[in-house]
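**Student:** Give me a model of this one.
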Amino acid sequence: MGSFWFSLLLVLHILLGCSVIGFVLLQHGKGADMGAAFGSGASGSLFGSSGSANFLSRTTGILAAFFFVSSLTLSYFASKSHVQGPSDLMEGVAAPVVPVVVPASAPGQDIPK
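**Tutor:** Okay, the predicted model is just below:
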């Protein structure tokens with residue numbers, strides 16, 4: 001049952017990460033205020049003149065906090081369970097045997113000993 005919760009939390013973590021990226025990309029930079037002064041029409045929007053910036057920044061902060069908590073929870077589950085990681089992947093594989101090639105000597109030359 002632990003594997004189910006780990007997988008569910010991993011999917012939630014990926015969705016939270018994509019949501020944080022999306023909300024960061026939706027926000028306006030600091031230089032966008034100058035464009036708003038020349039009639040971009042932000043005052044007639046759903047959130048008012050500065051409401052969308054507050055909504056986006058708060059939502060981004062909340063999503064980032066959940067992303068942080070899910071990161072910590074995933075690391076806790078990974079350390080307590082036997083989830084196969086990259087270090088366990090090659091554990092049962094034998095090392096390859098590399099043949100040793102001895103160079104042949106030309107006739108009349110002695111091989112140093």
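
**Student:** Can you pull the poorly scored residue ranges out of this structure?
**Tutor:** Flagging of the chain using pLDDT under 70 yields the residue ranges 1, 30-53, 81-92, 103-113.

**Student:** Go ahead and confirm S57 touches Q27.
**Tutor:** Yes - between S57 and Q27 there is a contact under C-beta atoms under 8 Å: 6.7 Å. Where you see a C-beta, it was placed from the backbone N, CA and C, and this is true even at glycine.

**Student:** Now for the two: what residues contact both?
**Tutor:** With contacts taken as C-beta atoms under 8 Å, 6 or more residues apart in numbering, S57 and Q27 have no neighbour in common.

**Student:** mind checking the longest helix of the protein?
**Tutor:** Criterion DSSP state H: the longest helix present in the chain is helix 51-80.

**Student:** List the buried residues for it?
**Tutor:** By neighbour count on 16 or more other C-beta atoms under 10 Å, the buried set for helix 51-80 is 52-53, 56, 60, 63-64, 67, 70, 74, 77.

**Student:** just those now: which is nearest S3?
**Tutor:** Using C-beta to C-beta, F77 is the member of the buried residues of helix 51-80 that lies nearest S3, at 9.7 Å.

**Student:** list the contacts for the closest one?
**Tutor:** F77 neighbours (C-beta under 8 Å, 6+ apart): 2, 5-6, 9, 83.

**Student:** Can you select the buried ones from those in PyMOL?
**Tutor:** In PyMOL, this line selects whichever of the contacts of F77 come out buried by 16+ other C-beta under 10 Å:
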select buried, resi 6
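
**Student:** Including distance to A95 and secondary structure, could the contacts of F77 go into TSV?
**Tutor:** Shown next, in TSV, are those (distance: C-beta to C-beta, whole Å; DSSP: H, G, I helix; E, B strand; the rest coil):
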residue	distance to A95	secondary structure
G2	33	helix
W5	37	helix
F6	32	helix
L9	36	helix
V83	25	coil
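
**Student:** Look up how far H13 lies from S7.
**Tutor:** 11 Å (C-beta to C-beta, to the nearest Å).

**Student:** Looking at the two, which has the bigger crowd around it?
**Tutor:** Higher neighbour count among S7 and H13: H13, with 17 against 10, using other C-beta atoms under 10 Å.
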